[in-house]
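Peer 1: pasting a predicted model and its sequence here:
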Amino acid sequence: MLKKDGEIEWVTWGKRNEEDALAFPNGGWARLDSIKEGKWQRYQPRPVLLPIQSFMEKDAEKVSHWFNLQPGQLVQGLLTVNNAQPRVYVVTTDTPDEYNFIHDRWPRIIERSES
């Protein structure tokens with residue numbers, strides 16, 4: 001995740017199914033509407049920015065589709081903490097119409113001005 005001072009801090013992404021002992025939601029995504037509804041509140045959520053260059057989504061046939069971010073674009077993340085352990089989840093929204101054939105969720109892309 002991108003820190004306020006511009007440094008990058010590495011945080012574990014989401015929770016895998018085999019990590020039974022950890023009290024985090026399974027997966028690596030957090031729908032924006034579920035965040036707004038308060039479903040993540042017990043994890044002390046905090047919005048963060050993820051400085052990625054591209055991301056991949058798989059369609060129903062498991063075909064990978066890669067998407068490049070443009071300069072100034074970042075993906076919104078959600079930093080959670082449970083028992084002093086941080087995890088980051090990718091915040092998702094509805095998929096743009098032209099990519100509905102791929103998946104029903106899409107990373108929330110934030111435009112960041114270089115001021």
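Peer 2: Sure thing, it's come through.

Peer 1: hmm, residue 59 and residue 101 touching each other?
Peer 2: Yes. Taking C-beta atoms under 8 Å as the definition, residue 101 is a contact partner of residue 59 at 6.3 Å. Using the backbone N, CA and C atoms, a C-beta is placed for each residue, glycine as well.

Peer 1: now do the phi/psi pair for the nearest residue to residue 58 once chain neighbours are set aside.
Peer 2: Computed as C-beta to C-beta, 6 or more residues apart in numbering, the closest residue to residue 58 that is not its neighbour in sequence is residue 64, at 5.5 Å. Main-chain torsions, residue 64, degrees, to the nearest 10: phi -80, psi 140.

Peer 1: and what of the one 5 residues further on?
Peer 2: For residue 69, the backbone dihedrals are phi -90, psi 150 (criterion: degrees, to the nearest 10).

Peer 1: tell me how far it lies from residue 53.
Peer 2: 6 Å (C-beta to C-beta, to the nearest Å).

Peer 1: more neighbours: which of the two?
Peer 2: Set residue 69 next to residue 53 and count neighbours by other C-beta atoms under 10 Å: residue 69 wins out with 17 against 9.

Peer 1: quick check: that one touching residue 54?
Peer 2: Yes. Shown here, residue 69 and residue 54 form a contact pair, counting by C-beta under 8 Å, at 6.4 Å.

Peer 1: give me every residue that touches the residue nearest to residue 58.
Peer 2: Applying C-beta atoms under 8 Å, 6 or more residues apart in numbering, one finds that residue 64 lies in contact with 56, 57, 58.

Peer 1: kindly report the same for residue 91.
Peer 2: So residue 91 contacts 29, 30, 31, 32, 35, 47, 75, 76, 77, 78, 107, 108 (C-beta under 8 Å, 6+ apart).

Peer 1: helix, strand, or coil at the spatially most central residue of the chain?
Peer 2: Residue closest to the mean C-alpha point of the chain, counted by C-alpha atoms, centre = their mean, is residue 90 at 0.6 Å. Following DSSP: H, G, I helix; E, B strand; the rest coil, residue 90 is assigned to strand.
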